[in-house]
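Colleague: Provide a 3D model corresponding to the input given below.
(chains A and B)
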Amino acid sequence: MKYVSEYRDARKAAHYAKALARVVTHPWTIMEVCGGQTHAIVKYGVDQLLPRQVTLVHGPGCPVCVTPVGLLDAAMEIASRPEVIFCSFGDMLRVPGSARDLLSVKAAGGDLRVVYSPLDAVKLAREHPTREVVFFAVGFETTAPANAMAVYQAHRMGLRNFSLLVAHVLIPPAMEAILAAPGNRVQGFLAPGHVCTVMGSPEYEAIAGRHRVPIVITGFEPLDILQGVFLCVKQLEEGRAEVENQYARSVRREGNREAQQLIREVFRVCPREWRGLGEIPGSGLTLQDQYAAYDAERRFNLARTTGGESPECRSGLVLQGAIKPQECPAFGTRCTPEHPLGAPMVSSEGACAAYYRYRRARGVTGNDQIPKTNDQW
Amino acid sequence: MCLAVPGKIESITTDDPLMRTGQVRFGGIVKEVNLAFVPDALVGDYVVVHVGFAISKLDEAEANRVFEYVQQLGEAGEGPG
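Modeller: Down below sits the predicted model:
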């Protein structure tokens, strides 16, 4: 497939690995922020191509993983109501709340639909005017334009039976929280290419300047990640701290203006609690007052619960890059994708799920995961 | 969640700015995609698609830089010493 397979060329990957080995002289720790990048790294063994001085740590860029337990419990309470059609991306179904998951709500008779796009939920609301259709709006800036459009279109159509349960989070405040945490060891970032496709690079330029940290906006294929790491290491070696754009085929400096305009129309910034990280100021989105009628939390008058996290789950440390998934004592034994203790074990972007799927049986050996030229993801 | 996939616009079916919709091909699959956020994308262009929405038009010249850059690195590193 064009724009995919050519970025999985094993020979070019080896060239990047050699070039990296030539420029690196010091040990460096770099965080890839996005869970999609984590999965590509673990799946293709990109980390195993790097010189031993370069350590990649996995970041919090998995919206499913950071959705707080209280909000999951709210989702399950809404989804259990007989008048509700509850719509969600498939990722959320097995994420544990304090007592159960959405899949068990469905098994108990809840009308839960897995949708591909938030517009599918708007369509359901039009087709079922006597039912309440609720969409679980989980995501980063990448997903915000789509969810904003769903609300905007529902408003234009005069749909009164559509609402969002909003769990939107923003990347830059989370990066700053990681840099400010005691014992932080992250020296450079690979910033998430699709978040930056929407938002552009100015927020990252501010972080690079404030914290003297190099940031490379990076794509999601193995060659993208290798080039991103190369550019980041080169900056670290040369003592620079700038924003560079490795993923320029999709990211413009100003981002996608049409998308940003609609986000601002429908959402405003709010404080948000992150599962595993706690509350981060200015790190979430909520509906603007003129769209408050589409807010499921208001519509269903929910009592917020708190807590319910498994005491054994170390996902908070995993999400901050402080430990690797297999350093958790429950990994692969008491915590598996079938019986997860925490969200990173079930999300398609969760670091624990990536290690369980690609590293558990094989162990970490050799370069057997380097993609063939025609390998399709 | 931020998974987004490149695809080629095969046709544009609705031209209302908000509902701008097209058929986009991903390998063997064709899906309906909202094109409201890429108003300048035309039939034949490649777009990055996330949850049913195109979020950018791919820039072909920029796309090749990944390969050009590694080639330059290779040449720089192959000299004597």
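
Colleague: For chain A, what is the nearest residue in chain B?
Modeller: residue B:52 (2.9 Å; CB to the nearest CB). Yep, even glycine has a C-beta here, placed from its N, CA and C like the rest.

Colleague: longest helix of chain B?
Modeller: Identified as the longest helix of chain B according to DSSP state H is helix B:65-77.

Colleague: could I have that helix exported to CSV, CA atoms only?
Modeller: The C-alpha coordinates for helix B:65-77 follow below in CSV (Å, rounded to 0.1, in the frame of the first residue of the first chain):
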residue,chain,number,x,y,z
ARG,B,65,12.5,13.0,2.2
VAL,B,66,12.7,10.0,4.6
PHE,B,67,14.4,8.0,1.9
GLU,B,68,16.6,10.9,0.6
TYR,B,69,17.8,11.7,4.1
VAL,B,70,18.9,8.1,4.8
GLN,B,71,20.6,8.0,1.4
GLN,B,72,22.6,11.1,2.2
LEU,B,73,23.5,9.7,5.6
GLY,B,74,24.7,6.5,3.9
GLU,B,75,26.9,8.5,1.5
ALA,B,76,28.3,10.6,4.2
GLY,B,77,29.2,7.6,6.3
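
Colleague: do you know how far residue A:277 is from chain B?
Modeller: 16 Å (CB to the nearest CB, to the nearest Å).

Colleague: try residue A:77
Modeller: Using CB to the nearest CB, residue A:77 is found at 23 Å from chain B.

Colleague: re the thing from before, so what secondary structure elements neighbour the longest helix of chain B?
Modeller: Counting contacts by 3 or more CB pairs under 8 Å, 6 or more residues apart in numbering or on different chains; DSSP states H and E, helix B:65-77 packs against helix A:10-23, helix A:222-238.

Colleague: the inter-axis angle of it versus helix A:222-238?
Modeller: Comparing the axes of helix B:65-77 and helix A:222-238 via axes from the mean of the first three to the mean of the last three CA atoms, to 10 degrees yields an angle of 50 degrees.

Colleague: Helix B:65-77 versus helix A:10-23: what angle between them?
Modeller: Here helix B:65-77 runs at an angle of 50 degrees relative to helix A:10-23 (the same axes, to 10 degrees).

Colleague: What lies in contact with helix B:65-77?
Modeller: Applying CB atoms under 8 Å, 6 or more residues apart in numbering or on different chains, the contact partners of helix B:65-77 are A:6-7, A:12, A:15-16, A:18-19, A:22, A:223-224, A:227, A:230, A:246, A:248-249.

Colleague: now, the most widely separated pair of these?
Modeller: Greatest spacing in the contacts of helix B:65-77, by CB to CB: A:22 and A:249 (25.8 Å).

Colleague: So for those two, which sits in the more crowded spot?
Modeller: Taking other CB atoms under 10 Å in any protein chain shown, residue A:22 and residue A:249 do not tie; residue A:249 has more neighbours (26 against 11).

Colleague: Could you verify my assumption that that one touches residue B:59?
Modeller: Yes: counting by CB atoms under 8 Å, residue A:249 does reach residue B:59; the two are 5.1 Å apart.

Colleague: of the contacts of helix B:65-77, list those near chain B.
Modeller: Filtering the contacts of helix B:65-77 for proximity to chain B (criterion: CB under 8 Å from any CB of the partner chain) leaves A:6-7, A:12, A:15-16, A:18-19, A:22, A:223-224, A:227, A:230, A:246, A:248-249.

Colleague: Going through those residues, which ones are buried?
Modeller: Among the ones next to chain B among the contacts of helix B:65-77, the ones that count as buried by 16 or more other CB atoms under 10 Å in any protein chain shown are A:6-7, A:12, A:15-16, A:18-19, A:223-224, A:227, A:230, A:246, A:248-249.

Colleague: Would you convert these into a markdown table that also reports pLDDT?
Modeller: Shown next, in a markdown table, are these (pLDDT from 0 to 100):
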| residue | pLDDT |
| --- | --- |
| A:6 | 90 |
| A:7 | 92 |
| A:12 | 91 |
| A:15 | 91 |
| A:16 | 92 |
| A:18 | 93 |
| A:19 | 94 |
| A:223 | 96 |
| A:224 | 96 |
| A:227 | 96 |
| A:230 | 97 |
| A:246 | 98 |
| A:248 | 97 |
| A:249 | 97 |
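
Colleague: mind putting those residues in JSON lines, distance to residue A:257 included?
Modeller: JSON lines is the format used below for these (distance: CB to CB, whole Å):
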{"residue": "A:6", "distance to residue A:257": "29"}
{"residue": "A:7", "distance to residue A:257": "27"}
{"residue": "A:12", "distance to residue A:257": "33"}
{"residue": "A:15", "distance to residue A:257": "36"}
{"residue": "A:16", "distance to residue A:257": "33"}
{"residue": "A:18", "distance to residue A:257": "40"}
{"residue": "A:19", "distance to residue A:257": "35"}
{"residue": "A:223", "distance to residue A:257": "29"}
{"residue": "A:224", "distance to residue A:257": "24"}
{"residue": "A:227", "distance to residue A:257": "27"}
{"residue": "A:230", "distance to residue A:257": "30"}
{"residue": "A:246", "distance to residue A:257": "22"}
{"residue": "A:248", "distance to residue A:257": "17"}
{"residue": "A:249", "distance to residue A:257": "18"}
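
Colleague: Among the ones next to chain B among the contacts of helix B:65-77, which one lies nearest to residue A:165?
Modeller: Nearest to residue A:165 among these: residue A:224, at 33.0 Å, using CB to CB.

Colleague: Adjacent strands (with direction) for the lengthiest strand in chain B?
Modeller: Of all the segments of type strand in chain B, defined by DSSP state E, the longest one is strand B:5-14. Using DSSP bridges, the strands paired with strand B:5-14 are strand B:21-26 (antiparallel), strand B:46-50 (antiparallel).

Colleague: The helix or strand that the shortest one is followed by - what's its average pLDDT?
Modeller: Think strand B:46-50. Downstream of strand B:46-50, the next assigned helix or strand under DSSP states H and E is strand B:53-57. For strand B:53-57, the per-residue pLDDT values average out at 98.

Colleague: residue contacts, the nearest residue to residue A:315 once chain neighbours are set aside?
Modeller: Nearest non-adjacent residue to residue A:315, counting by CB to CB, 6 or more residues apart in numbering or on different chains: residue A:342, 3.8 Å away. Contact partners of residue A:342, counting by CB under 8 Å, 6+ apart, are A:65, A:96, A:276, A:309-310, A:313-315, A:335, A:352.

Colleague: likewise residue A:165?
Modeller: A:71, A:74-75, A:78, A:134-137, A:296-297 are the contacts of residue A:165 under CB under 8 Å, 6+ apart.

Colleague: which of those tops the neighbour count?
Modeller: residue A:135 (31 neighbours).

Colleague: thinking that one is in contact with residue A:164, fair?
Modeller: Yes: between residue A:135 and residue A:164 a contact is recorded at 5.3 Å, counting by CB under 8 Å.

Colleague: which ones among the contacts of residue A:165 are found in helices?
Modeller: A:71, A:74-75, A:78, A:296-297.
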